[in-house]
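> Next come a sequence and a model predicted from it.
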Amino acid sequence: MARRAGVPLLPMIKADAYGLGVEASVRALDPLEPWGYGVATVGEGEELRSLGVTRPIVVFTPLLKQELPRARAARLTPTLGFPEEIEAWKQSGGGAWHLSIDTGMSRAGIPWREVRSIRSLIESFSPEGAFTHFHSAELDDGTMKVQEDRFREAIATLPSRPRLLHTANSAAIARQGRSAWDLVRPGIFLYGVGSGRSAAIQPENVVNLRAPIVEIRDLEPGDTVSYGATLRVDRPARIATLAVGYADGYPRALSGSGSVLVGRTLAPIAGKVTMDMTMIDVTTINCAIGDVVTLIGRAREGDTVLTVERVGDDAGMSPYELLTGLRSRVERVYAGERS
Ligand SMILES: *Cc1c(COP(=O)(O)O)cnc(C)c1O
């Protein structure tokens, strides 16, 4: 990503690094010398400071007035758009801030067509940076260019060009060549999720979610599986129980629609995913208690990958929702730390 963009990275490590663990993610990213890190809340910024991060930390969700003293104490960089927000940060004795410009998300930031109205306010309290966020960078629908043009138009109305301009998320970096601006903000790509087959660069698989088989049983025709008995077998079947469930963040929506890798073979989920256990149909698959199956990621043997996107699709969830939904009960093992 860094090579492709040709400018320093502002990696997004909000939401505990998309559910993967912020401490290990910082350890992996810091050797790339990113310009700084992006988070969503003051609490996330404070956590990074307590981990010893000294680089700039930009908070991308708008903050309420009462949060500003904490943001200042942790030397965080807020993103501000509306005059009241900018005034409040200035009054609180605030330091560096980035101007948040809305070019089509209608989520945060000042609408691009109103940027000229804050010109004089900015003249006396200028932002270190300015940015916008794309709503459909993973699509080739021309909207990225529309948003980029609006951004350029808005920047031109400022009294001076902020030093750090940035627009690109992962999909934009993967699709565009060298960045036209000063920083890029990759998120999900860092965690192993690409932005479609047509993107110029693809990430390696990063996340593997695995669980052991803890029981195996043989069913007779008419036997039922899991809550609601939604699966009733009409033939002899073999069912294995995995020690993983929706309380681990393995989506209940995969009931009856998902599958897992037992060795290199896909085994369908049998009946409803429960809180702590999930049953799979292994009638035609050789396996034993203690075998470890792969629910997301690369099979332990061979190189079949059950991608985050595929599992998300099966669950009717975005890959972002799937990753950030993984719960703390799942023990994290980081590559290079395996004993
Ligand atoms: C989350 C986020 C990103 C990263 O988006 P990805 O699609 O994960 O690359 C970039 N910019 C902002 C403002 C964000 O909130």
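All right, it came through fine. Numbers count the residues shown, from 1 in each chain.
> C-alpha from now on. contacts and neighbour counts both.
Will do.
> Flag every residue of the stretch 151-300 of the chain that's near the ligand.
Along the stretch 151-300 of the chain, the residues adjacent to the ligand under the rule CA under 6 Å from any ligand atom are 169-170, 185-188.
> can I get these in JSON lines with secondary structure, neighbour count and pLDDT?
Below are those laid out as JSON lines (DSSP: H, G, I helix; E, B strand; the rest coil; neighbours: other CA atoms under 10 Å; pLDDT from 0 to 100):
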{"residue": "N169", "secondary structure": "coil", "neighbour count": "23", "pLDDT": "97"}
{"residue": "S170", "secondary structure": "helix", "neighbour count": "23", "pLDDT": "97"}
{"residue": "R185", "secondary structure": "coil", "neighbour count": "24", "pLDDT": "98"}
{"residue": "P186", "secondary structure": "coil", "neighbour count": "23", "pLDDT": "98"}
{"residue": "G187", "secondary structure": "coil", "neighbour count": "21", "pLDDT": "98"}
{"residue": "I188", "secondary structure": "helix", "neighbour count": "22", "pLDDT": "98"}
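> can you tell me which two in those are farthest apart?
Among those, the pair separated by the greatest distance (CA to CA) is R185 and I188, at 9.9 Å.
> which neighbours do the two share?
S170 (CA atoms under 8 Å, 6 or more residues apart in numbering).
> now the strands for the stretch 101-250 of the chain?
Assigned strands in the stretch 101-250 of the chain, in chain order: 110-111, 129-131, 164-166, 209-219, 224-225, 231-232, 237-242 (criterion: DSSP state E, counting those that start in this stretch).
> TSV for the ones you listed, including mean neighbour count?
Listed next are the strands of the stretch 101-250 of the chain as TSV, based on neighbours: other CA atoms under 10 Å:
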stretch	mean neighbour count
strand 110-111	20
strand 129-131	22
strand 164-166	19
strand 209-219	17
strand 224-225	18
strand 231-232	16
strand 237-242	20
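> Among these, which comes closest to E301?
strand 209-219 (12.8 Å).
> G249 - nearest residue in space that isn't next to it in sequence?
Once flanking residues are discounted, G249 sits nearest to L326: 4.2 Å by CA to CA, 6 or more residues apart in numbering.
> residue contacts, the closest residue to V305 other than its chain neighbours?
Distances taken as CA to CA, 6+ apart place R298 nearest to V305, at 4.2 Å, with adjacent residues excluded. Counting by CA under 8 Å, 6+ apart, R298 touches 205, 208, 304-307.
> how much space between S106 and R113?
12 Å (CA to CA, to the nearest Å).
> what about those two, which has more around it?
Set S106 next to R113 and count neighbours by other CA atoms under 10 Å: R113 wins out with 15 against 11.
> Isn't that one up against A154?
Yes. Counting by CA atoms under 8 Å, A154 is a contact partner of R113 at 6.8 Å.
> Pull up the distance across stretch 89-103, start to finish.
23 Å.
> Show me which residues of it are buried.
89, 94-103 (16 or more other CA atoms under 10 Å).
> Quick check: buried residues in the helix ranked longest in the chain?
The longest helix of the chain (DSSP state H) is helix 143-156. Within helix 143-156, the residues scored as buried using 16+ other CA under 10 Å are 144, 147-148, 150-151, 154-155.
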